[in-house]
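Visitor: Okay, here's the prediction I keep looking at, along with the sequence it came from:
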Amino acid sequence: MKDESARLGFRLTLPAQVLVLFISVFPLLMQAYISLTDWSPLSGQSWPQAWQFWNSFANYSDLLGDGRLWAALGRTAFVMAVCVPIEFMLGLGLATLFMDDFKGKRVFYSILIMPMMVVPAVAGYMFFMLFQSGGPVNDILAMFTGSPVTIAWLSDPNLALVAVMVADIWQWTPLMFLILLAGLVGVPEDQVRAATLLGANPLQRFTSIVLPRMKTIIGIALAIRVIECFKIFDTLFIMTGGGPGVATETISVYIYKIATQDLIWGYVAAIALAILIVLSVVCVWALKRMARVRA
Amino acid sequence: MSMIRLEHLVKRFGAFTALKTMDLTIADGEFVALLGPSGCGKSTTMNMIAGMETPSEGRILFGDRDMAGVPMGRRGVGFVFQNYAIFTHMTVRQNLSYGLRATRRPSDEVVRRTNAMAELLQLTPMLDRPAAGLSVNILQRVAIGRSAIMEPAIFLLDEPLSNVDAAFRAVMRTELKGLQRSFKQTMVYVTHDQLEAMTMADRIAVMDHGVLQQVGTPLQIYNDPANLFVARFIGSPGMNLLHGRPTEVAGSMAIDLGALGYSLPLAPEQAAAARKANGDVVFGFRPEQAARVSEGQGMAMPISFVERIGARTILHLGDGAASAKTVFENDAGFEMGRALHFAPHPSAVRLFDAASGAALRGQ
Amino acid sequence: MAEIAFRNVTKRYGATLAVDDASFTVADNEFFCFFGPPLSGKSTILRLILGLEKPDSGEILIDGKAVNEVSPAARNIAMVFQNLALFPHMTAADNVRFPLVERREAPAKIEARLKDAAEKLHIGHILHKMPGQLSGGERQRVAIARALVRDPAAYLMDDPISALDARLREETRVELKRIQREAGRTLIYVTHDQEEAMSVADRMAILEDGAIRQIGRPVEIYDHPSTTYVARFLGSPVMNILPVQATGAGFEAAAGALQVAAGAQAGVAELGLRPEDLRVSVWEGGAGVPATVAEVEPLGGYTVVTLTAGAQPLRAMLRGQPDIRVGALVGLGCDPARVMYFGAGGEALPRTGGNSLGGDRQ
């Protein structure tokens, strides 16, 4: 009877499964195919004819020697390494605060999650304005130094990256906050009380009771942000366009540029696929690790 | 040191008063049960003793020390939660040793005391098992052991048996009572089950609607309930309560049970109580303290239902207007629909003021 | 209107034997109770009757007709679940009407049924309320009313009152029995509370590991348990079961501290004594067995005393409030006709009259 119903279930969901397969697998295969060629839309052939430009794994070997790609990757990793921990700590701190009652909690809550609702392009424009050399950021700094400040944030190669990271932290801390708050709410209050009654101080309670119970949700929050960070693009692109020079060129910006300006689509496909494979491997490894820790 | 004094304790939650005023002294080493239906204020009282809630008014003293402002982690109370609040991501050993580790005791002491506690509670074979998925009776012991290992002077238990199967409760009761004997701590036990309170507690504090109704030993409360609430709440089944009017017939007091067409003579002590009555009284007697009599000698009520539970037979008597229950030891041909002639033992009769519900006493 | 029977029904879940070769017949209009510890197969039996599960082997019969292949809907059996499963967004009345509205009965008929059920269950005054506004006992009655209006052939109830307070349970179980009598339907009831089972059941089945150990009237089972398992499972406090050795004159337990003079009977390994059958008196030497009081639990109407005779713990339930203190030495006696005998496998053996409990007189 069980086999029967399993078979029926399979038959009923078959159309949906085929559709999903088509949507997710077909573009991948198409990309894999193009990545093995030197095809470009300017070649005059449509993509199925790309085999005429077959160059087997040349794109992949080019990729290994592409200094600009590696620099972009390194930059992306750097942004990730700085922003995700800061967002996590800020989000966790705020979430912990929100576990207690205080005056104006609802208003603060609305204000806190507002950045998440701002369209990234608009956020980019906001920070573009804020970081102008005559903009509010410099004005505020001037209040502390006492003399006019005219830092050219977005045209200094180092400071531009800082400005971009500030914008990222502003926009994504609320998501961390929300996810971690949901996690904190799920920690049984009686267990925390029990630990208190057994003499545990707040830090001990946090590390021994709260953290273990939030392991999964922290893992999910971090995974989401790491993946998202890899894709950092819109806000940044409006603020700096990846510049000055290549100073804020992340992997997404790099791919965008070579795809729209250089139009070497075979190579773009190779990069995209390589990143996808690396990210998938990392994700699967992280999920497996998490599952092991929980078991 | 571990005497608990509650002085004029009041707790309000916004407009709702959970505890109207509570005065209670619990002696060192005593096992006191806070007994009452849900919403009677028993858990609120307990949470204030533990420091999880702050009193709106009044004081809590441990010995002579006022507990106001002392945070719950510093009160030295052990607390067993209704759901046990076991740390399910830890092993039994980690649960038991949690308090010792949190307070940074030397590791050899942690190991020694954890092993000793496990031995006492017969948890040694499962010390290194994960706590998740253990059966409730084991979880209960882990919860108790985890608190007991800190050697608190005061132990608070919040309905620890309410999640346990009825069949298993008797076993757990015995186990708990035995543990209290071996720990010798002051214990406060919150429950809504009068049987648990009767079998385990040295004294019972009966509560209802945020008011302490009566404090006494189980038998004091059973034999001399202070009011109608306690009379109904204690006992299984509860006390029979019938409306009546004190009458004096030829110098001796009796209770006229009106519609039942029966007038019951009173023993001297109850007679003295009846003389104090101001109008109608409620006439009470325990279902176990009635005997069958021959026709015309006592009350007569039709048997509406016969419950035979093991060695006991519970008879449900009468209809909506006047009803009673009696308990007999054997099933001696009771038939539904037939009238039962019975009378309470005169010394077992208790009288209550019909208006206030308070017990009327002879002295 | 419904006789429900199992013939050698077995149900496995993977390697677990949930129901083990069960056979029983629940008569029409009977209040039949399944009683057993958790995971003993009670709920699986209900699911099999309802048709939510199919047996691996054996036959399920309703009114003599095999229903193994009949769908749950066509069996016309109503179920009251442990969690009651009332719809929280509907009034009590709408909850009760629900099964009839679902079946598109005529409005007049629905209202008549509702009125009838409300009267039987005394819920007329709360019909307009939402489940959230009702007490546990009231919700309980609404749930039963909802089962009642369907006019099913039989009702199944899975521990329906376990969530109520002890006092309310005592009242509700009597109410349930009254409702069943008035409705005149077969009722199959599952509980883990032995007092409840004995109170309501016309007949009951005791389950152990999916197998039915004994079927009978509660009184019969209480007085004549078929095995030590059944004997221990029914009755509070639990029956005293003493491992005994045969001696020339009868049996002895606890290394001679307890002696029972009885006609020799082959194969007796254990004796059973109900706590209420033990008599305790002040020890004056002579008759009875000397025992020490280890624990006294006053229940008001009764007093449970735990005693030790030699190394053998025994529990006695005494009427009233006798003046017995922990540590006192008492004499223990017993009506010989009430002693039960069990073999090495725990099976009950016939009672033999003319024996008595004696002490160790050295």
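Guide: Alright, I've got the coordinates. Predicted, not measured: the structure shown is a model, and the values here were computed from it.
Visitor: From now on I want contacts and neighbour counts done on CA atoms only, so please keep to that.
Guide: OK.
Visitor: Contacts only, for residue B:12.
Guide: Shown in contact with residue B:12 (C-alpha atoms under 8 Å, 6 or more residues apart in numbering or on different chains): B:18-19, B:56.
Visitor: ok, the closest residue to chain A within the stretch 201-350 of chain C - how many residues close by?
Guide: Closest residue of the stretch 201-350 of chain C to chain A, C-alpha to the nearest C-alpha: residue C:210 (22.1 Å). Residue C:210 has 24 neighbouring residues, counting by other C-alpha atoms under 10 Å in any protein chain shown.
Visitor: that older thread, so which of the contacts of residue B:12 sit within strands?
Guide: Mapping the contacts of residue B:12 onto strands (DSSP state E) picks out B:18-19.
Visitor: Weed out the non-buried ones from the contacts of residue B:12.
Guide: Neighbour-count burial within the contacts of residue B:12 applies to B:18-19; the criterion is 16 or more other C-alpha atoms under 10 Å in any protein chain shown.
Visitor: out of everything not next to it in sequence, what's closest to residue C:340?
Guide: Distance criterion C-alpha to C-alpha, 6 or more residues apart in numbering or on different chains; nearest residue to residue C:340, sequence neighbours excluded, is residue C:272 at 4.7 Å.
Visitor: for that neighbour, helix, strand, or coil?
Guide: Here residue C:272 is recorded as strand under DSSP: H, G, I helix; E, B strand; the rest coil.
Visitor: For it, name its beta-bridge partners.
Guide: When bridges are called by DSSP bridges, residue C:272 pairs up with residue C:241, residue C:340.
Visitor: My guess is it contacts residue C:346. True?
Guide: No: the criterion here is C-alpha atoms under 8 Å, and residue C:272 misses it with residue C:346 at 10.5 Å.
Visitor: tell me, what's touching these two both at once?
Guide: residue C:228.
Visitor: And whichever residue of the stretch 1-150 of chain A sits closest to chain B, what's its pLDDT?
Guide: Residue of the stretch 1-150 of chain A nearest chain B, by C-alpha to the nearest C-alpha: residue A:100 (14.4 Å). Here the pLDDT value assigned to residue A:100 is 80.
Visitor: so how far is residue A:210 from it?
Guide: The gap separating residue A:100 from residue A:210 is 15 Å, by C-alpha to C-alpha, to the nearest Å.
Visitor: And those two? Which one has more around it.
Guide: It is residue A:210, of residue A:100 and residue A:210, that has more neighbours when counted by other C-alpha under 10 Å, with 20 against 8.
Visitor: looking at it, the more buried one is touching residue A:184, isn't it?
Guide: Yes: contact criterion C-alpha under 8 Å: residue A:210 and residue A:184 qualify, at 7.3 Å.
Visitor: what's the burial count for the residue nearest to residue C:340?
Guide: Applying other C-alpha under 10 Å, I find that residue C:272 has 19 neighbouring residues.
Visitor: and it, what does it touch?
Guide: Contacts of residue C:272 by C-alpha under 8 Å, 6+ apart are C:228, C:239-242, C:339-342.
Visitor: swap in residue B:71?
Guide: residue B:51 are the contacts of residue B:71 under C-alpha under 8 Å, 6+ apart.
Visitor: What of residue C:72?
Guide: Listed by C-alpha under 8 Å, 6+ apart, the contact partners of residue C:72 are C:50-52.
Visitor: so residue B:89, which of the three states?
Guide: With three-state DSSP as the basis, residue B:89 sits in coil.
Visitor: Over to residue B:187?
Guide: Residue B:187 carries the three-state label strand when classified by three-state DSSP.
Visitor: I figured it hits residue B:29, correct?
Guide: Yes: the pair residue B:187 and residue B:29 passes the contact test of C-alpha under 8 Å, sitting 7.0 Å apart.
Visitor: Spell out which residues of chain A are next to chain B.
Guide: Residues of chain A lying close to chain B by C-alpha under 8 Å from any C-alpha of the partner chain are A:188, A:190-191, A:194-201, A:204, A:209, A:212-213.
Visitor: What of the stretch 151-300 of chain C?
Guide: Counting by C-alpha under 8 Å from any C-alpha, the residues of the stretch 151-300 of chain C near chain B are C:165-167, C:170, C:174, C:192-195, C:198-200, C:218-219, C:222, C:234-237, C:276, C:297-300.
Visitor: OK, now which residue of the stretch 101-250 of chain A is nearest to chain C?
Guide: residue A:190 (21.8 Å).
Visitor: Can you tell me the SS state at that residue?
Guide: helix.
Visitor: for residue A:76, same thing?
Guide: Three-state call for residue A:76 (three-state DSSP): helix.
Visitor: cool, the one 4 residues further on as well?
Guide: Remark: residue A:80 carries the secondary structure label helix [criterion: three-state DSSP].
Visitor: same check, this time on residue A:113
Guide: helix.
Visitor: There's contact between it and residue A:179 in this structure, I believe.
Guide: No: under the criterion of C-alpha under 8 Å, residue A:113 makes no contact with residue A:179, lying 11.4 Å away.
Visitor: circling back to that earlier point, quick check: the residue nearest to residue C:340 vs chain B, distance?
Guide: To chain B, residue C:272 is 15 Å away according to C-alpha to the nearest C-alpha, to the nearest Å.
Visitor: and that residue, what pLDDT?
Guide: The model reports residue C:272 with a pLDDT of 91.
Visitor: quick revisit: buried members of the residues of chain A next to chain B into ChimeraX, please.
Guide: Isolation of the buried members of the residues of chain A next to chain B (16+ other C-alpha under 10 Å) is achieved in ChimeraX through the command below:
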select /A:190,191,194,195,196,197,198,199,200,204,209,212,213
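Visitor: Can you list the residue ranges for strands in the stretch 251-362 of chain C?
Guide: Here the stretch 251-362 of chain C has its strands, by DSSP state E, counting those that start in this stretch, at C:258-261, C:268-273, C:278-282, C:289-298, C:302-309, C:312-319, C:329-334, C:340-343, C:348-349, C:356-359.
Visitor: which outside residues touch stretch B:284-302?
Guide: B:237-242, B:260, B:262, B:264, B:317-319, B:323-328, B:336-345, B:348-352, C:301.
Visitor: Show me what the mean pLDDT comes to for it.
Guide: Mean pLDDT, stretch B:284-302: 88.
Visitor: do stretch B:181-201 as well
Guide: Per-residue pLDDT over stretch B:181-201 has a mean of 89.
Visitor: Same question for stretch C:275-286.
Guide: pLDDT averaged over stretch C:275-286 gives 84.
Visitor: buried residues in that stretch?
Guide: Residues of stretch C:275-286 classed as buried by neighbour count (16+ other C-alpha under 10 Å): C:275-280, C:283.
Visitor: How is residue C:53 classified with respect to secondary structure?
Guide: coil.
Visitor: For chain A, what's the nearest residue on the stretch 151-300 of chain B?
Guide: Of all residues in the stretch 151-300 of chain B, residue B:152 sits closest to chain A, at 9.5 Å by C-alpha to the nearest C-alpha.
Visitor: could you redo the contacts of residue B:12 as CSV and give each row pLDDT?
Guide: Below are the contacts of residue B:12 laid out as CSV (pLDDT from 0 to 100):
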residue, pLDDT
B:18, 92
B:19, 93
B:56, 94
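Visitor: any chance of the contacts of residue B:12 in TSV, plus distance to chain C?
Guide: Converted to TSV, these look like this (distance: C-alpha to the nearest C-alpha, whole Å):
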residue	distance to chain C
B:18	19
B:19	21
B:56	29
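Visitor: mind listing the helices for chain C?
Guide: Here chain C has its helices, by DSSP state H, at C:42-50, C:72-75, C:92-102, C:107-121, C:136-149, C:166-183, C:194-200, C:218-223, C:228-233.
Visitor: what does the domain assignment say about chain C?
Guide: As given by automatic domain parsing, the domain ranges for chain C are C:4-233, C:240-357.
Visitor: which one is residue B:97 nearest to, not counting chain neighbours?
Guide: Among residues not flanking residue B:97 along the chain, residue B:114 sits closest, at 5.8 Å (C-alpha to C-alpha, 6+ apart).
Visitor: check contacts around the one you found.
Guide: Neighbours of residue B:114 in contact, by C-alpha under 8 Å, 6+ apart: B:93, B:96-97, B:149.
Visitor: Thanks a lot, see you next time.
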